[in-house]
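**Q** Sequence first, predicted model second:
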There are 2 protein chains.
Amino acid sequence: MAFCLNKLAIFGVGLIGGSFSLALRGADRVNEVVGVGRSIANLKEAVNRGVIDRVSDAREAVKDADLVLLAVPVGQMASVMQAIAPHLGPDTIVTDGGSTKQDVVALARQYLPDHLANFVPGHPIAGAEKSGVTAALPGLYQNRQVVLTPLPETRDEAIDLVAAAWYACGARVAVMPPQDHDRIFAAVSHLPHMLSFALVNDIAGRNNAAELFSYAASGFRDFTRIAGSSPEMWRDICMSNRDALLGEVDTYLQQLTTLREALANHDATALESAFTQASIARNEWGKEQK
Amino acid sequence: MAFCLNKLAIFGVGLIGGSFSLALRGADRVNEVVGVGRSIANLKEAVNRGVIDRVSDAREAVKDADLVLLAVPVGQMASVMQAIAPHLGPDTIVTDGGSTKQDVVALARQYLPDHLANFVPGHPIAGAEKSGVTAALPGLYQNRQVVLTPLPETRDEAIDLVAAAWYACGARVAVMPPQDHDRIFAAVSHLPHMLSFALVNDIAGRNNAAELFSYAASGFRDFTRIAGSSPEMWRDICMSNRDALLGEVDTYLQQLTTLREALANHDATALESAFTQASIARNEWGKEQK
């Protein structure tokens, strides 16, 4: 589907929103991009970098917009939806980039009840530990996945437009119910973030933290990269997907306790068996990523 | 100190041993390198790649050697020490590349009691998830750290020679007691490996593992890279450093349980505070790595 957006409004011009704009501009799929956000400095930087054409406010931004992307932390989603609801035209399609989906769907039902046919919840799987418009890249979504979790009310045409926009960014698109999304990402994303934050805190809180950090090497670096992520964003994600994440943390605690018991019982065979299973699974998965 | 080894003997010509040889050869610090190992195929490959000059056996390898590097998994250290003990000349210096040090020291006391003055336990901090001679690189040790944990009996001249060899490989050298080494690396290396193995097993053991893996992205990839490591090597490391590692696992379980309670209690403030502490510490450390 060849499309060109006349006006795109982005709320939250950071890594996700900024990269979306840059990718669509690079593909010649948008005429004008307006940005709305909390930080004036960040918005000015976005204009300077050519990520957006101009700074706007909620009311003016959505006026006559073909597409609105809500790329704010999940904790700000409610207030942004409230701000735009009175001003959304009947043809404007709204999507978001939130990392959790059941909560965003619930907020849309509460704050955008007259606009559900044109609301397409989405999650581009391209998180990085950096944030702000300076982190935005035109190629961020190349070969990445985007999950769309439409409501029963969502029109097919709205889904098609949002999917086409993501394809134009170079992404692949999967569609699933929001609860499936949240269950999957609790396991493969939200849990690892919790574990990584916990490890860094475990080390950082000690008297000899400086000594310990000075001997940490590449394994530690990669394991803890995601612990450098935005605390606010991850607070919101964890609270939003609390039930699924609690289940994941409990399953993980069991798994780790099992390994601990093998170690405590001098059971080298059990340890090696567990490590072998993990190593094979990880390396198989790693091959598929290339 | 300008030195040149006439004969270097390497037991275990893999990532660690092979890279040591390549680096010393590149720096023109060794005339002849002989290799000993379990896998004939790996040793032949090492000859083909110019990593070693020839394949040898324990007795012949150590004869007239200036330096012997034991780069076998910690679980094989005892049998290799037993094999070389009767044939070590009085001037031959022995070092190792094991990831745990108190156990290697104990083995040396048991199997090399007449050679402790020339034994310099070492640990190059350059582990990677790959193994075998095909993973060896001449630049592996550039700007990496090597920890030496000499015994009270070890001669200064032996320490100096081993340190000089590692400097010639491009590494920095730290010296500390073996128990300090093991305590530090339980926290910053052995624990993260346990956690990463546990996460992959947690996912891999489920009915919908394939679906979950298909949505795992870069955060998961980096977090689990170390779970692709050699199961045998990590079984040995964990068993060797069991007491310190058990302590680390228990501390971590407490840390994770604290985060879990914050989540269970809807305590967003506590979560954000913990994430902020971790994020700041991780990013500060990350800056120092550059």
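**A** Good, I have the coordinates. From a predicted model like this one, the values you see are computed outputs, not experimental measurements.
**Q** rest of the way, CA atoms for contacts and neighbours
**A** Will do.
**Q** can you list the residues that contact stretch A:160-170?
**A** The contact list for stretch A:160-170, computed with Cα atoms under 8 Å, 6 or more residues apart in numbering or on different chains, reads A:1, A:3, A:20, A:23-24, A:27, A:29, A:95, A:120, A:139, A:141-144, A:146, A:148, A:172-173.
**Q** nope, stretch A:201-221 is what I was after
**A** B:125-128, B:145, B:184-185, B:187-189, B:192-193, B:225-226, B:251-252, B:255, B:274, B:277-278, B:281, B:285-286.
**Q** could you list every residue that touches the residue of the stretch 1-150 of chain A found nearest chain B?
**A** For the stretch 1-150 of chain A, the nearest residue to chain B under the criterion Cα to the nearest Cα is residue A:125, separated by 6.9 Å. When contacts are counted by Cα under 8 Å, 6+ apart, residue A:125 touches A:144, A:145, A:146, A:147, B:217.
**Q** thinking again about what came up before, make a ChimeraX selection of whichever of the contacts of stretch A:160-170 turn out to be buried.
**A** Command for ChimeraX that selects the buried part of these, burial taken from 16 or more other Cα atoms under 10 Å in any protein chain shown:
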select /A:20,23,24,29,95,120,139,141,142,144,146,148,172,173
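**Q** Identify each buried residue in stretch A:221-232, please.
**A** Buried residues in stretch A:221-232, counting neighbours by 16+ other Cα under 10 Å, are found at A:221, A:222, A:223, A:224, A:225, A:226, A:227, A:228, A:229, A:230, A:231, A:232.
**Q** pLDDT for the residues you listed - can I get that in CSV?
**A** Formatted as CSV, the buried residues of stretch A:221-232 follow (pLDDT from 0 to 100):
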residue, pLDDT
A:221, 91
A:222, 91
A:223, 91
A:224, 94
A:225, 92
A:226, 92
A:227, 93
A:228, 91
A:229, 89
A:230, 88
A:231, 93
A:232, 90
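**Q** on that earlier part again, which ones among the contacts of stretch A:201-221 map onto helices?
**A** Within the contacts of stretch A:201-221, residues falling in helices by DSSP state H are B:184-185, B:192-193, B:251-252, B:255, B:274, B:277-278, B:281, B:285-286.
**Q** What is the most widely separated pair among the contacts of residue A:125?
**A** Within the contacts of residue A:125, A:147 and B:217 form the most distant pair, 12.6 Å apart (Cα to Cα).
**Q** Compare neighbour counts for the two and give me the winner.
**A** When residue A:147 and residue B:217 are compared for neighbours, residue A:147 comes out ahead with 23 against 18, by other Cα atoms under 10 Å in any protein chain shown.
**Q** pretty sure the more buried one is in a strand, no?
**A** Yes. Secondary structure of residue A:147 (DSSP: H, G, I helix; E, B strand; the rest coil): part of a strand.
**Q** Next, count neighbours for residue A:178.
**A** Using other Cα under 10 Å, residue A:178 is surrounded by 22 other residues.
**Q** I should have written residue A:98 there, sorry.
**A** Residue A:98 has 24 neighbouring residues, counting by other Cα under 10 Å.
**Q** Residue A:162 now?
**A** 23.
**Q** Could you check how far it is from chain B?
**A** 20 Å (Cα to the nearest Cα, to the nearest Å).
**Q** Flag the shaky bits of chain A, pLDDT-wise.
**A** Applying pLDDT under 70 to chain A picks out residues A:1, A:127-129, A:290.
**Q** which stretches of it form strands?
**A** Counting by DSSP state E, one finds strands in chain A at the ranges A:5-11, A:30-36, A:54-55, A:67-70, A:93-96, A:119-120, A:122-124, A:145-148, A:172-175.
**Q** The fifth one pairs with which strands, parallel or anti?
**A** Here the strand partners of strand A:93-96, with direction, are listed using DSSP bridges: strand A:67-70 (parallel), strand A:119-120 (parallel).
**Q** for the third one, same thing?
**A** Sheet pairing here is set by DSSP bridges, and for strand A:54-55 it gives strand A:30-36 (parallel).
**Q** can you check the first one too?
**A** In the sheet containing strand A:5-11, the strands it pairs with under DSSP bridges are strand A:30-36 (parallel), strand A:67-70 (parallel).
**Q** got it, and the last one?
**A** The partner list of strand A:172-175 in its sheet, established with DSSP bridges, is strand A:145-148 (parallel).
**Q** which residues touch the partner strand?
**A** The contact list for strand A:145-148, computed with Cα under 8 Å, 6+ apart, reads A:120-126, A:163, A:166, A:171-176, A:181, B:215.
**Q** Buried members of those into ChimeraX, please.
**A** Restricted to buried positions by 16+ other Cα under 10 Å, the ChimeraX selection for those reads:
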select /A:120,121,122,123,124,125,126,163,166,171,172,173,181 /B:215
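**Q** re the thing from before, quick check: the residue of the stretch 1-150 of chain A closest to chain B vs residue A:177, distance?
**A** The gap separating residue A:125 from residue A:177 is 16 Å, by Cα to Cα, to the nearest Å.
**Q** likewise residue A:55?
**A** For residue A:55, the distance to residue A:177 - Cα to Cα - is 34 Å.
**Q** These two - which one has more neighbours?
**A** Using other Cα under 10 Å as the criterion, residue A:55 and residue A:177 rank with residue A:55 on top: 19 against 15.
**Q** list the contacts for the residue nearest to the more buried one when sequence neighbours are not counted?
**A** With Cα to Cα, 6 or more residues apart in numbering or on different chains as the criterion, residue A:55 has its nearest non-adjacent residue at 5.0 Å, and that residue is residue A:35. Listed by Cα under 8 Å, 6+ apart, the contact set of residue A:35 reads A:9-13, A:43, A:52-57, A:61.
**Q** now swap in residue A:120 and tell me
**A** A:93, A:94, A:95, A:96, A:148, A:149, A:150, A:151, A:154, A:158, A:159, A:162.
**Q** same check, this time on residue A:174
**A** Here residue A:174 is in contact with A:145, A:146, A:147, A:148 (Cα under 8 Å, 6+ apart).
**Q** and of the residues you listed, the nearest to residue A:83?
**A** Nearest to residue A:83 among those is residue A:148, at 23.3 Å by Cα to Cα.
**Q** Now do the closest one against residue A:245, distance only.
**A** Distance of residue A:148 to residue A:245, given as Cα to Cα: 20 Å.
**Q** Equivalent analysis for residue A:281, please.
**A** Distance, residue A:281 to residue A:245, using Cα to Cα: 22 Å.
**Q** Compare those two (neighbour count), which wins?
**A** For residue A:281 versus residue A:245, neighbours defined as other Cα under 10 Å are more numerous around residue A:245 (27 against 21).
**Q** How about the contacts made by the nearest residue to residue A:154 once chain neighbours are set aside?
**A** Once flanking residues are discounted, residue A:154 sits nearest to residue A:117: 4.0 Å by Cα to Cα, 6+ apart. The neighbours of residue A:117, taking Cα under 8 Å, 6+ apart as the test, are A:153, A:154, A:155, A:158.
**Q** Not counting sequence-adjacent ones, nearest residue to the third one?
**A** Which is residue A:155. Spatially, and ignoring its direct neighbours in sequence, residue A:155 is nearest to residue A:117 (5.1 Å; Cα to Cα, 6+ apart).
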